[in-house]
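Q: Just need the structure, nothing else, for what follows:
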Amino acid sequence: QLQLVESGGGLVQPGGSLRLSCAASGFALDSYAIGWFRQAPGKEREGVSCISRSGGSTKYADSVKGRFAISRDNAKNTVYLQMNSLKPEDTAIYYCAARSGPYCAGYFYTYQYDYWGQGTQVTVSS
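A: Here you go, the predicted structure:
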């Protein structure tokens with residue numbers, strides 16, 4: 001069964017950090033570019049970041065640029081999202097998704113992704 005599983009979410013104070021993980025089972029993650037999305041209550045799902053198949057290219061939404069960092073360890077079949085200087089507006093369910101093809105062009109379009117995880121909750125609050 002092809003599956004993506006996110007982990008690492010939780011409750012953190014403003015200014016804090018979390019590292020999210022996206023682990024694949026049933027397929028090799030290194031065949032896909034990987035995106036991270038988030039969805040806050042009452043809002044549409046938005047693209048946060050993407051990493052190319054090789055890991056050589058990354059993309060970030062303006063709202064997280066300079067605070068979040070995406071990386072991948074293909075040997076572990078896992079992609080990470082390091083989130084620093086978290087703000088209350090970062091509160092959302094975070095999803096990872098895999099897209100066929102090596103690159104991240106148009107990464108914020110959800111229809112370009114073939115597989116999705118179930119999401120992990122991130123809450124930033126004092």
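Q: As a check, name the ranges of all strands in this protein.
A: In the chain, the segments counted as strands under DSSP state E are 3-7, 10-12, 18-25, 32-39, 46-51, 58-60, 68-73, 78-83, 92-100, 115-116, 120-124.
Q: what's the most buried one of the ones you listed?
A: Ranked by mean neighbour count, the strands of the chain are led by strand 32-39 with a mean of 25 (mean count of other Cβ atoms under 10 Å). In short, each C-beta sits where N, CA and C put it, glycine included.
Q: Quick check: end-to-end length of stretch 60-73?
A: 19 Å (Cα to Cα, to the nearest Å).
Q: Mind checking the pLDDT average for it?
A: Stretch 60-73 shows a mean pLDDT of 97.
Q: closest one to F108 among the strands of the chain?
A: Closest of the strands of the chain to F108 is strand 46-51, at 3.0 Å (criterion: Cβ to Cβ).
Q: So which elements touch the closest one?
A: Applying 3 or more Cβ pairs under 8 Å, 6 or more residues apart in numbering; DSSP states H and E, one finds that strand 46-51 contacts strand 32-39, strand 58-60, strand 68-73, strand 78-83.
Q: which stretch among the ones you listed comes nearest I93?
A: Closest approach to I93 among the helices and strands packed on strand 46-51 (Cβ to Cβ): strand 32-39, 5.3 Å.
Q: which ones are touching the residue lying closest to G15 once chain neighbours are set aside?
A: Spatially, and ignoring its direct neighbours in sequence, G15 is nearest to S85 (6.1 Å; Cβ to Cβ, 6 or more residues apart in numbering). Contacts for S85 (Cβ atoms under 8 Å, 6 or more residues apart in numbering) come out as 15, 17, 67.
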